[in-house]
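*Asks:* show me the folded form of this:
(chains A and B)
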Amino acid sequence: MTRQEILNELKKVLSPYTLDKEALANIDEGTDLIKDLKINSANLVDIIIDAESKYNIEIDYDAADKMVNVGGCIDVIEEKTNQQT
Amino acid sequence: MIKSAGNDIIDLRIINIERTKDARFYTKFITGTEIALYSQPQLASLPFECFVWMLWSVKESIYKFMQRHNSNLIFSPSKIVVQQISAPADLKRSKTPAITEAKGFEKQACYCSTVTFGQDTFYSRSIIDPNSIFTAINNADDFENVYYGVEQVEHNEPEFQSKAVRQFILKRLGHILNMEPLRIIKNTSGCPVLYNDAGEINIPVSLTHHGYYVAYTFFFEG
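*Replies:* Now for the predicted structure:
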């Protein structure tokens, strides 16, 4: 998967947790989940769990810490899916 | 000792209880030694989902407290470790909502915890009612100068919550400081800062919202 493909799929993971659908449609790697998408921090673990399920990966403590913006989420998903292949 | 403020609110009516109880969920931010704390007899009447979200709110509050002085701080909940928890002596989960404005926690039935983050130690007070968990943090086991407020709001949209919590805290601060107009602006790292027309006011504030609750905390030696 390319980073752009991961980004497109990531929108579906993030969608249940943001009311700002316009911001979601326009995300890029610099988009901050809390500041830009107004996602409540209480949902950050939900996003990690949903990403694990979607990509059949396991996200550990250190990797989870990076998932605060879109670029960080893509880094983690890319790294973990590459480890499987 | 640095002066700051950190708090968090959880609306228990919108959490996913089933997911919360799933080890795959809570082990993302709660360590093994913290899970062991739940087996102490004084927490027997606390539902596990409340335990999990109380620990989340404690960790989130400490992150906010520290982020004011370290804008590059990364939220690493597993590195913020709850070392001990005590339940209120008169343990009866309140049947009325914990909607309140107060200073200090002496009159509140609250859970108290001691927490470490690196070399630093923090203390928390959490008020838990059937609908919400509110937590405030300090870096001393003394909340005499910690002011806080919790209220319910009609809408859960972030913009509405953001306005509502600002109105809530500024009304209280306006009364206490006898100073207007006050406003709160987030700095570049997302940390709320209090201002009046003359500039920044050195009173650390912390804002939180979740679901249909908003809450504030500020530290003021008045």
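*Asks:* state the distance from the residue with the largest distance to the centre of chain B to chain A.
*Replies:* Most distant from the centre of chain B: B:Ala198, at 29.2 Å, with distances by C-alpha atoms, centre = their mean. According to C-beta to the nearest C-beta, to the nearest Å, B:Ala198 stands 28 Å off from chain A. To be clear about C-beta, it is placed using only N, CA and C from the backbone, and glycine gets the same treatment.
*Asks:* list the contacts of that residue.
*Replies:* Contact criterion C-beta atoms under 8 Å, 6 or more residues apart in numbering or on different chains gives no residues in contact with B:Ala198.
*Asks:* what's it sitting at in phi/psi?
*Replies:* B:Ala198 has phi and psi values of phi -80, psi -10 when expressed as degrees, to the nearest 10.
*Asks:* what confidence value was assigned to it?
*Replies:* pLDDT for B:Ala198: 93.
*Asks:* and the strand or helix carrying A:Ile49 with chain B, contact?
*Replies:* Using DSSP states H and E, A:Ile49 sits within helix A:44-55. Yes: looking at helix A:44-55 against chain B by C-beta under 8 Å from any C-beta of the partner chain, the contacts come from A:45-46, A:48-49, A:52.
*Asks:* adding pLDDT and neighbour count, write those out as TSV.
*Replies:* Compiled in TSV, the residues of helix A:44-55 next to chain B are given as follows (pLDDT from 0 to 100; neighbours: other C-beta atoms under 10 Å in any protein chain shown):
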residue	pLDDT	neighbour count
A:Val45	95	22
A:Asp46	95	19
A:Ile48	96	22
A:Ile49	96	18
A:Glu52	95	17
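*Asks:* and of those, the nearest to B:Ser86?
*Replies:* For these, the residue nearest B:Ser86 by C-beta to C-beta is A:Val45; the value is 25.7 Å.
*Asks:* pull the helix or strand with minimum mean pLDDT from chain B.
*Replies:* strand B:100-103 (a mean of 92; mean pLDDT, DSSP states H and E).
*Asks:* got the residues of chain A near chain B?
*Replies:* So chain A meets chain B at A:19-20, A:34-35, A:38, A:40-42, A:45-46, A:48-49, A:52, A:59, A:61, A:64-65, A:68 (C-beta under 8 Å from any C-beta).
*Asks:* restricted to helices, list the residues you listed.
*Replies:* A:45-46, A:48-49, A:52, A:61, A:64-65 (DSSP state H).
*Asks:* run through chain A and note the low-pLDDT ranges.
*Replies:* Within chain A, the ranges that satisfy pLDDT under 70 run A:85.
*Asks:* any idea which residue is closest to the centre of it?
*Replies:* Centre-most residue of chain A, counting by C-alpha atoms, centre = their mean: A:Cys73, 4.1 Å.
*Asks:* just checking, it touches A:Leu10?
*Replies:* Yes: in this structure, A:Cys73 is within contact of A:Leu10 by C-beta atoms under 8 Å, at 5.8 Å.
*Asks:* pairing partners for the biggest strand by length in chain B, with directions?
*Replies:* As assigned by DSSP state E, the longest strand anywhere in chain B is strand B:120-128. Its sheet considered, strand B:120-128 pairs with strand B:111-117 (antiparallel), strand B:132-138 (antiparallel) by DSSP bridges.
*Asks:* residues in contact with the first one?
*Replies:* Yep, that's strand B:111-117 we're talking about. B:46, B:54, B:58-59, B:62, B:66, B:79-88, B:121-126, B:128, B:137, B:141.
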